[in-house]
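Peer 1: Got a sequence here, can you build the structure:
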Amino acid sequence: MDHIPIGSLFALLTGLIILSAFFSSSETALMALNRYSLKHKASQGHHGAVLASNLLMRPDRLIGLILLGNNAVNILASAVATILGYRIYQEPGIAIATALLTIVILIFAEVAPKTVAALYPEKIAYPASYILTPLLKLLSVLVQLINFVTNGLLKLIGISPDKSRSHVLSQEELRTVVLEAGKRIPDEHQRMLLSILDLEKASVEEIMIPKSEINGIDIDDDWDEVLDQLIQSQHTRLPVYRETIDHIIGFTHLRKLIPVLEDRTLTRESLMNQLRPPYFIPKDTSLNKQLLSFQKEKRRLALAVDEYGDIQGLVTLEDILEEIVGEFTTDPTATHQDIFPQEDGSYVINASITVRELKRSLDWEIPLDGPKTLNGLILEHMEDIPQSGTSLMLYGHPVEIMQTQHNTIKTVKWRVKSAIRKS
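Peer 2: Okay, here's the model as predicted:
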């Protein structure tokens, strides 16, 4: 190369360093690509994404090609730098050229391009795919030979590159993806997505209407009272039973009874004939499973039973949907149907409210692995049935028992700490 001008050698060396930077940045960018974003863009017909996706189907071949090219240009750059150093400074120039080239490659062909590629993988990977794809075809024989030897060594230690890489996300990883989406997803949509992921963690027992709170029709009651109860009911579907809910007969759909209810021609027999058989489910059924069961069975209500078959509560399709979209209400100022804000800043709370609803509506820090209702939570905390007027500190929240009935707490009053200080 003695006849090649020094200026041409510098130009060649610069070109080789640029090529080295290209291979280094391409490797980092392709490996840093978001696989789900890549699949989405490829399905939308983005040509660069399609090429990148094809390259990543066999990462061993892609890495083999990039390292082959990178090492080739680095070795050639080292040879050119050695010639330049010798021609300029003779023997000492070789050591000088080696040191300078190492620094230049480290900064301009490794650290800087890889940092940029890690920050903007799509901007680097997609254009690079247009070059790497034909280059892979051109050097396919050499790449396959290198991979054959490499894969043989990997198989000796139990690693098979032929196995497809799994990108299945766990539930917690999905939560992280949704949370990291930030402003790209509206807050309300983000909350609903997280609620859907949480359905698997919650059971029917945590949201069901307790047995004592179930409203139904006792078929043996005075018939005029039954008709009045049907006409005045705020629910579309009602359980029908004998004496107690434990002896349930079925469910009635009030819309089917409207014509005969208006002229009060409904009879006990006709009501019995249109009942739909009760639908029983285990109380520890997860909400996501029960949502699918409702869809499969074409049902909207189910009775939750314990391990002995005793009825524990009632769960509806609306209850599960509210876990996703929030409380259904026509009052935009309402917190929850069992929570009543007071003028002094306190809240009167129906003690039958579920702990999940309490935690969600008032942002209480309460464990979900214990009792499922506020009533049960207080009874467990006090280990006794309190009298009206009793005050206690429940997980850091000042609560006053307002009303009790039989063996249960009916209503409590919660005074926010800020309201207590003001008073």
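Peer 1: contacts and neighbour counts: CA atoms only from here.
Peer 2: Noted.
Peer 1: Could you say which helix or strand holds the closest residue to Glu380 other than its chain neighbours?
Peer 2: Ranked by C-alpha to C-alpha, 6 or more residues apart in numbering and with sequence neighbours excluded, the top spatial neighbour of Glu380 is Pro371, at 7.7 Å. Assigned by DSSP states H and E, Pro371 belongs to neither a helix nor a strand.
Peer 1: so what's Pro371 up against?
Peer 2: Applying C-alpha atoms under 8 Å, 6 or more residues apart in numbering, we find Pro371 in contact with 355, 377, 380.
Peer 1: just these now: which is nearest Leu13?
Peer 2: Distance to Leu13, by C-alpha to C-alpha, is smallest for Val355 among the contacts of Pro371, at 70.1 Å.
Peer 1: what's around that closest one, how many residues?
Peer 2: 25 (other C-alpha atoms under 10 Å).
Peer 1: try Thr390
Peer 2: 12.
Peer 1: Name the nearest residue to it, ignoring sequence neighbours.
Peer 2: Using C-alpha to C-alpha, 6+ apart and skipping residues adjacent in sequence, the residue nearest Thr390 is Ile401, 5.3 Å away.
Peer 1: Dihedrals phi and psi, the one you found?
Peer 2: The phi/psi pair for Ile401 (degrees, to the nearest 10) reads phi -70, psi 120.
Peer 1: List the contacts of it.
Peer 2: Taking C-alpha under 8 Å, 6+ apart, we find Ile401 in contact with 386-391, 409, 411-413.
Peer 1: Mind giving me the PyMOL select for those residues, buried ones only?
Peer 2: Typed into PyMOL, the line below selects the buried ones among the contacts of Ile401, using 16 or more other C-alpha atoms under 10 Å:
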select buried, resi 386+388+391+409+411+412+413
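Peer 1: Can you tell me which of the contacts of Ile401 end up in helices?
Peer 2: Using DSSP state H, no member of these falls in helices.
Peer 1: Restricted to strands, list the contacts of Ile401.
Peer 2: 391, 409, 411-413 (DSSP state E).
Peer 1: domains of the protein?
Peer 2: 6-156, 204-315, 339-422 (automatic domain parsing).
Peer 1: any idea which of those domains scores lowest on pLDDT?
Peer 2: The minimum mean pLDDT among the domains of the chain belongs to domain 339-422 (a mean of 80).
Peer 1: Please name the bridge partners of Met393.
Peer 2: Pro398 (DSSP bridges).
Peer 1: my guess is it meets Val399, correct?
Peer 2: Yes - applying C-alpha atoms under 8 Å as the test, Met393 and Val399 come out as touching, 6.1 Å apart.
Peer 1: who's more crowded, the two?
Peer 2: More crowded of Met393 and Val399, by other C-alpha under 10 Å: Val399, with 22 against 12.
Peer 1: looking at it, that one is touching Val412, isn't it?
Peer 2: Yes - counting by C-alpha under 8 Å, Val399 does reach Val412; the two are 6.6 Å apart.
Peer 1: any idea which element the residue nearest the centre of the chain lies in?
Peer 2: With distances taken as C-alpha atoms, centre = their mean, Arg175 lies nearest the centre of the chain, 3.5 Å away. Arg175 is located in helix 171-180, with elements delineated by DSSP H and E.
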